[in-house]
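Asks: got a predicted model here, sequence first, then my questions.
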Amino acid sequence: MELTKEIEMIELDGGCAYLIHTESKNYLIDTGLPKNEEEILNKLKKVLGDNSLDAILLTHHDVDHVGNLKAVQQKFGGKAYIHPLDLPYASSMRNRPGIKHIIEKLIKPAVSEDIYTFNEFNDSEIEIIHTPGHTPGHCIIKYKDYLFTGDLFKYLDNQIVCMKKKMNYDNSKMAKSINLLLKTDAKYLCPAHTDKAKAIEFSEKIKNELRKAGEEYGKD
């Protein structure tokens, strides 16, 4: 689904990835679950053709975000980048905590060796904002007026929905990260989990719903 001439929303079963594609760069944000491998490769092929990826930017280490990283790199290239605190989990140097350890054992995503930290990524048009809580190194990614929000929240039935607290690393940090998101000057939000095939206008209504989500996370 084309959001703008430069941004493609890649709808997958279980979440969304996003592609920034311009004359000078091709950046993929997240990669979906392993079961989506054929789907994401086909959708990327339709947009990229024979072009390669310059980078893959990972909002966090969960398997529904890194699950096709290795397959995508084998087909389209591109170094992957993630926050330093999430790198040990994405590279299988450390088991994911809690229920996510069970999930990773059941799903078993292929592990890429071509993955680096955001400290090594540099693009003046891309802003990486550390928003811990869902995972230690969760990040949101800003490009121009668009903010790719990963798993800070879901957007379902035309409203902001909190992530399940048991899936979060630290709910008090989630509350602080929501407040950090509210301070950005983005005009549109692009969450990883949404039932709308479009970006969400960062309206006062949405800001108020996000404030309520922050309060809910902060109750723990």
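Replies: All right, it came through fine. Residues are numbered from 1 along each chain as shown.
Asks: show me where the chain has strands.
Replies: Applying DSSP state E to the chain gives strands spanning 7-12, 15-21, 26-29, 55-57, 79-82, 115-117, 126-130, 139-143, 146-150, 154-156, 159-161, 188-191, 200-201.
Asks: residue 91: what's it in contact with?
Replies: 111-113, 115 (CB atoms under 8 Å, 6 or more residues apart in numbering). Where C-beta positions appear, they are placed from N, C-alpha and C, glycine not excepted.
Asks: and the nearest residue to residue 113 once chain neighbours are set aside, its phi and psi?
Replies: In this structure, residue 113 finds its nearest non-sequential neighbour in residue 91, 7.6 Å apart by CB to CB, 6 or more residues apart in numbering. With angles defined as degrees, to the nearest 10, residue 91 sits at phi -100, psi 10.
Asks: how near is residue 91 to residue 103?
Replies: Residue 91 sits 17 Å away from residue 103, going by CB to CB, to the nearest Å.
Asks: ok, now residue 68?
Replies: Applying CB to CB, the value for residue 68 to residue 103 is 16 Å.
Asks: repeat that for residue 81.
Replies: Between residue 81 and residue 103 the distance is 23 Å, computed by CB to CB.
Asks: then residue 208?
Replies: Distance, residue 208 to residue 103, using CB to CB: 33 Å.
Asks: now residue 53
Replies: Going from residue 53 to residue 103 by CB to CB gives 26 Å.
Asks: which of these two has more neighbours?
Replies: residue 53 (21 against 16; other CB atoms under 10 Å).
Asks: wait, that one touches residue 27, no?
Replies: Yes: Residue 53 is within contact range of residue 27, at 7.1 Å (criterion: CB atoms under 8 Å).
Asks: which positions in the helix or strand of the chain with the lowest mean pLDDT come out as buried?
Replies: Within the chain, no helix or strand scores below helix 99-107, which has a mean of 86 by mean pLDDT, DSSP states H and E. Buried residues in helix 99-107, defined by neighbour count with 16 or more other CB atoms under 10 Å: 100, 103-104.
Asks: just stretch 126-144 next, same as before
Replies: 126, 128-129, 131-143.
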